[in-house]
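Colleague: when you get a sec, could you give me coordinates for this:
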Amino acid sequence: MTPKQEYSLSDLMSEVNLVIRSSFDKSYWVVAEIANVSTSPVGHMYFELVEKSGAQIIAKARANLWSSKKRQIISAFEDLTQESIKRGMSVLLQLTVEFHAVYGISFQIHDIDPAYSLGELQRQKQETIKRLKSEGLLDFNKQYVLNPVIQNIAVISSETAAGYQDFMNQLGNNEFHYQFNTTIYPAVMQGESASTSIIKAIESIDNSNIFYDALVIIRGGGSNLDLACFDDYELNARLSQSIYPVFSGIGHERDLSVTDMVAHTRLKTPTAVADFIIFNNLKFEERIKNLFNRVSDLSKDAIAEGMYSIENHSRSISERSKRKVNGERNNLRNCSFRINKSSLELISRNRLFLRHQKSELTHSASNIKTTNNYIITNTLNKLTESIKEQNRKKQKETEAINTRLHTVSYLIQQQKNQLNFLHNSIKLSDPGLILKRGFSISRINGKAIKDASMLKENDILETQLYRGSVKSKIINKK
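Modeller: You can find the predicted model right below:
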């Protein structure tokens, strides 16, 4: 039996060290993700590097950056990237392979390429943009039409973030004294868990059964890596499909995040988002004021025109009435003059006749006296009857004039009644009074609904009430 060759552990480790040194006698540029990083009290940095396939780790190793090289390498990296070395960062490192009998295999870091990290972030960002665009999600949220008044607002942010406080102060202290209803949905706004946390907040908002005019996502700025979550595909794919128009105010002025691109409205800071909402409502108020003034002016013009028309009609009727009355008075005077003249003539003729009769009676026999008395009596009766007939005609003419005057007064009263009716009709046509009586106006896409055929299931209706407005969804159409 061949005797066994025995080695001590240290001898075997020495041979392994010789093999490794002879096989890996140069430096290598290696791409890896930083799974963890720590710094020792004396300034050394210790890295845990991994390579992943999807969510699975397929390789893992330790790497050391000694304090003697740390300042030069880290300073150069931070100056170019404006970022610090962090967990989750993809880096390109220059490594040499080291072996220690106690600590095993590790890598010694000699350099870190900052250009790779910058390029990797941009590459991932461009891939996200390309994918969202190919799926029709990049501009999906921009299809929403903003409500003329934005009042109910869902906010995704950190409650302790300065950007959130700035947003709330700007809304609450607006110079127009507008009132807003805001509900915060807290989320982690940076780091590895930010994307998942924000997606959960979006889900909570969409499933809340609360109608919001807008979804606002805000934070107070930060470094490129701090804001890297806003270039994440899963986050932006979900955000773009929110049922509410999205406003972004991430506070990153140096670059445009993918979240800014998928948002309905992108603004630089949380304060700018608040200002946009305030002035959106101000524009609606000004439109309402202009419409009110327009209706008021049209009403005043219509009333003035009606008054002018009535005054003209009244003046015309009055003048015609005066002319008619004056004409009738002249006719009465003429009739009276003719009656008086006829009476005088008749009396004069009768007097002559009586004198002639008296002269004849004087020479006639007494038996003719009775006949003459009869003639005189008959003549006087005719004269009296004639005068009475003239008086009756005069009375009829006077009554006819009074009837015409009564008709004129009735026409004037009718014109006044019509004027009052027009005034009340205009007053009742005031849109505000119509809404106040319980009526409402329903619109779809800004157009008033006049026919049920304009609607289909799942349409979103906006209903304007006397105070405020509501939105509803068509579930069933009959």
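
Colleague: next structured bit after the lengthiest helix in the chain?
Modeller: Using DSSP state H, we find that the single longest helix of the chain is helix 270-363. Counting by DSSP states H and E, the next helix or strand C-terminal to helix 270-363 is helix 369-428.

Colleague: need the contact list for N334.
Modeller: Listed by C-beta atoms under 8 Å, 6 or more residues apart in numbering, the contact set of N334 is empty. Backbone N, C-alpha and C define where each C-beta goes, glycine included.

Colleague: any idea of the pLDDT on it?
Modeller: At N334, the pLDDT value in this model is 80.

Colleague: what about it, distance to R323?
Modeller: As judged by C-beta to C-beta, to the nearest Å, N334 and R323 stand 16 Å apart.

Colleague: quick one, domains of the protein?
Modeller: 9-122, 135-268, 304-429, 434-473 (automatic domain parsing).

Colleague: quick one: those domains as CSV, columns for distance to F284 too.
Modeller: CSV is the format used below for those (distance: least, C-beta to C-beta, whole Å):
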stretch, distance to F284
domain 9-122, 40
domain 135-268, 4
domain 304-429, 22
domain 434-473, 11
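
Colleague: so I199 is in contact with N236, correct?
Modeller: No: applying C-beta atoms under 8 Å, one finds I199 not in contact with N236, separated by 9.9 Å.

Colleague: who's more crowded, the two?
Modeller: N236 (29 against 19; other C-beta atoms under 10 Å).

Colleague: show me the contacts for that one.
Modeller: N236 touches 128, 132, 137, 230, 258-259, 261-262, counting by C-beta under 8 Å, 6+ apart.

Colleague: which pair in those residues spans the largest distance?
Modeller: Pairwise distances across the contacts of N236 (C-beta to C-beta) peak at 15.0 Å, for the pair L137 and F230.

Colleague: of the two, who's got more company?
Modeller: F230 (28 against 18).

Colleague: how about the more buried one, secondary structure?
Modeller: helix (DSSP: H, G, I helix; E, B strand; the rest coil).

Colleague: lowest confidence element among the helices and strands of this protein?
Modeller: Evaluated with mean pLDDT, DSSP states H and E, the helix-and-strand set of the chain has its lowest mean pLDDT in helix 431-436, which scores a mean of 71.

Colleague: after it comes which helix or strand?
Modeller: Later in the chain than helix 431-436, the nearest helix or strand by DSSP H and E is strand 441-444.

Colleague: need the contact partners of the helix or strand following that next one.
Modeller: Heading C-terminal from strand 441-444, the first helix or strand you meet, by DSSP H and E, is strand 447-448. Contacts with strand 447-448, where a contact means C-beta under 8 Å, 6+ apart, come from 441-442, 454.

Colleague: centre of the chain to strand 447-448, how far?
Modeller: 14 Å (C-alpha atoms, centre = their mean, to the nearest Å).

Colleague: one step back: in TSV: the contacts of N236, plus distance to D297 and secondary structure.
Modeller: Below are those laid out as TSV (distance: C-beta to C-beta, whole Å; DSSP: H, G, I helix; E, B strand; the rest coil):
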residue	distance to D297	secondary structure
T128	54	helix
L132	50	helix
L137	48	coil
F230	50	helix
V258	50	helix
T259	46	helix
M261	45	helix
V262	45	helix
